[in-house]
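**Q** got a predicted structure here, sequence first:
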Amino acid sequence: MPRNFIDLDTFDPAELRSLVQCAKELKNNILSAKDSLAGKTLAMIFEKPSTRTRISFDVAMSKLGGRAVALSPSDLQLGRGESLSDTAQVLSRYVDAIVLRTSRHNSLEELAAASSIPVINGLTDRTHPCQLLADILTFEEHVGPISGKKITWLGDGNNVAATWIQAAAQFNFDMQIGCPDSLRPQKKIVDWARSMGATIEITEDPIAAVKGAHCVVTDTWVSLSDEQSKSIDLLKPFQVDSKKMEAAADGAIFMHCLPAKRGQEVTEEVLEGAASVIFDEAENRLHVQKAILLWCLAPDGLF
């Protein structure tokens, strides 16, 4: 069976912890896994635009000795109606793993079901697990172990928020979510995390949400998967500004997976402030992507 990287809730917590630790070691010793994936090829299918995911996977494969091929649906017969199943079976004969960024999580699951090689979630409308492992690594670099800490999400309860909720259960931290009632995260994901013992609190009061937080996180209010813009007025109270950061715990950091719309979900002052670790967070996508690729393709090496 291929080792797919689809969602955080399918893993044993110890395995996720080993991925973060591997990423940390790879960052500290950039030559430690050189040529580990020599001769391997990664197909990257992007239905949606990408900066960090596309470039970090491409560079990760290169630094590990392999190569990556970036494709859009228009580059494939998918754009002319070929099924995902047929595409998966053909790619399985050509390459060693597939990254898919898609608007439909079901498309990712369909691709993985038909593939005989590892499939990696490069972002769907439901979750963004690669991002979350980078976020965990970033938090622990700046604050320390995330277990027992409080993380606050402000804004739309979108795919990244959902993955933070999954991570709360897997990495043993508390999650405080401030969002409009109509934009709450999916109940199914919240219920799962709570069933695993995670503390997930949801409020419409943004100041109450950030109280005691060791990290405040947000994302664009209109995500890449949205067909229509959400009400900006509805989300304005949840903008991350200096007042909200001051209400968080001493030494709290600010994270954003980017791209950011400056002056909308977060103020320029916070983005450029001392608490912001957004570019460390972006860099760590590279190191986490290396770890994920090794886990999928060279488990007898570092794993």
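**A** Done, it's in.

**Q** neighbours around Trp221, how many?
**A** With neighbours defined by other CB atoms under 10 Å, the count for Trp221 comes to 22. The way it works is simple: take the backbone N, C-alpha and C, and place the C-beta from them, glycine included.

**Q** quick thing: my sequence starts at 152, can you match it?
**A** Renumbered: residue one is now 152, and that last one reads Trp372.

**Q** which SSE is it in?
**A** Element membership for Trp372, per DSSP states H and E: none, as it lies in no helix or strand.

**Q** what sits against it?
**A** Under the criterion of CB atoms under 8 Å, 6 or more residues apart in numbering, the neighbours of Trp372 are 306-307, 381, 383, 386, 412, 415-416.

**Q** and the most far-flung residue of the chain relative to its centre, what pLDDT?
**A** Ranked by distance from the centre of the chain (CA atoms, centre = their mean), the top residue is Arg231, with 29.8 Å. Model confidence at Arg231, given as pLDDT, is 70.

**Q** Ile358 now?
**A** 98.

**Q** elements contacting the helix or strand hosting Arg345?
**A** Using DSSP H and E, Arg345 falls within helix 338-346. Judged by 3 or more CB pairs under 8 Å, 6 or more residues apart in numbering; DSSP states H and E, the packing partners of helix 338-346 are helix 310-322, strand 351-354.

**Q** on that earlier part again, so which of the contacts of Trp372 wins on neighbours?
**A** Result: Gly306 is most packed of the contacts of Trp372 (other CB under 10 Å), 28 neighbours.

**Q** hmm, that one is touching Glu416, no?
**A** Yes: the criterion here is CB atoms under 8 Å, and Gly306 meets it with Glu416 at 5.6 Å.

**Q** coming back round to it: out of the helices and strands packed on helix 338-346, the one nearest Asn435 is which?
**A** Closest to Asn435 of those is helix 310-322 (CB to CB; 14.3 Å).

**Q** and the next element down the chain from that closest one?
**A** strand 325-329.

**Q** centre of the chain to that next one, how far?
**A** 17 Å (CA atoms, centre = their mean, to the nearest Å).

**Q** which residues touch that strand?
**A** 299-306, 308, 312, 315-316, 319, 335-336, 344, 349-357, 359-362, 364, 389.
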